[in-house]
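A.B. asks: I'd like to go over a predicted model; first the sequence, then the structure.
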Amino acid sequence: MQGMFPTVLFFLILGFGIIALYWMILKNASEKIGRQYAVFADSHDLELNQPEPAMAGFIRPEPSLYGRMKGRELSISVPGKGLQNTRQIETVLKLEIKNQRFAAQLTGAGLLGRFRQRDSRGMDRWKSGDAIFDAAVDVRTNHPGWMNRILDQERRSALAALLKKGKGSIYIGSGVLAYAELGLIANEAVRTRFEEVLQHFHQIADSVEALS
């Protein structure tokens, strides 16, 4: 029995060490994400909501942003449920749009893109005639005629590049423009991409509202 004590002590110390390391990893990751949200909030005059850690710091809810820009409500959050009710976490940017009738989805073309489509039943695929764009992006909409006026060549190229970089998707419907990307805003590159999406969203919102 006496010979077992050092072994038990070793495993106890090892266990506490692993727990402490895991705690530090969680803390550092949470702080990195929090810094990116803080920069975004300061740059765009948004309200930052940073929930307090729970369970001695082992549960660290993701921050969120909320505010108004150019008269439109804006939010960035991490929904509780993952993609298609899986464990994959998404970060979602939403911008209010004053048009309840228009609906569209822009996802990557191919099998993965079809997996990310949501509520696209009844919406036909729209093709721009731009072979490169149509091969890269699957666009579904309930107003095909409007898409030609919303997505000009410059905007198509920019959105295709952003969707490819972030493997994201764009959803328009029920008065909301939404950009969803797997993962979290944990570094400057991801934050910058969300800021670029936001710039395009304001332009798209203006275009859609001009058609309503």
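C.D. replies: Cool, the structure landed.
A.B. asks: following element in sequence after the helix or strand of the chain with the lowest mean pLDDT, please.
C.D. replies: Each helix and strand of the chain was given a mean pLDDT (mean pLDDT, DSSP states H and E); the minimum falls on helix 111-116 at a mean of 54. The first helix or strand that comes after helix 111-116 along the chain, using DSSP states H and E, is strand 124-126.
A.B. asks: mind giving me the packing neighbours of that following strand?
C.D. replies: For strand 124-126, the packing partners by 3 or more CB pairs under 8 Å, 6 or more residues apart in numbering; DSSP states H and E come out as strand 137-141, helix 144-150. (C-beta placed from N, C-alpha, C; glycine too.)
A.B. asks: what lies in contact with that strand?
C.D. replies: 104, 138-141, 144, 147 (CB atoms under 8 Å, 6 or more residues apart in numbering).
A.B. asks: how about 6 Å then?
C.D. replies: Here strand 124-126 makes contact (CB atoms under 6 Å, 6 or more residues apart in numbering) with 139-141, 144, 147.
A.B. asks: what of stretch 179-198?
C.D. replies: For stretch 179-198, the surrounding residues in contact (CB under 6 Å, 6+ apart) are 32-33, 36, 40, 88, 90-93, 162, 166, 168-170.
A.B. asks: re the thing from before, make a markdown table from the helices and strands packed on strand 124-126 and add distance to P51 to it.
C.D. replies: Converted to a markdown table, those look like this (distance: least, CB to CB, whole Å):
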| stretch | distance to P51 |
| --- | --- |
| strand 137-141 | 35 |
| helix 144-150 | 37 |
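A.B. asks: most tightly packed of these?
C.D. replies: Neighbour counts (mean count of other CB atoms under 10 Å) averaged over each of these peak at strand 137-141, with a mean of 23.
A.B. asks: what about the helices in this protein?
C.D. replies: Under the criterion DSSP state H, the chain contains helices at 4-44, 111-116, 131-136, 144-150, 153-166, 188-211.
A.B. asks: what distance do you get for L159 to R193?
C.D. replies: As judged by CB to CB, to the nearest Å, L159 and R193 stand 12 Å apart.
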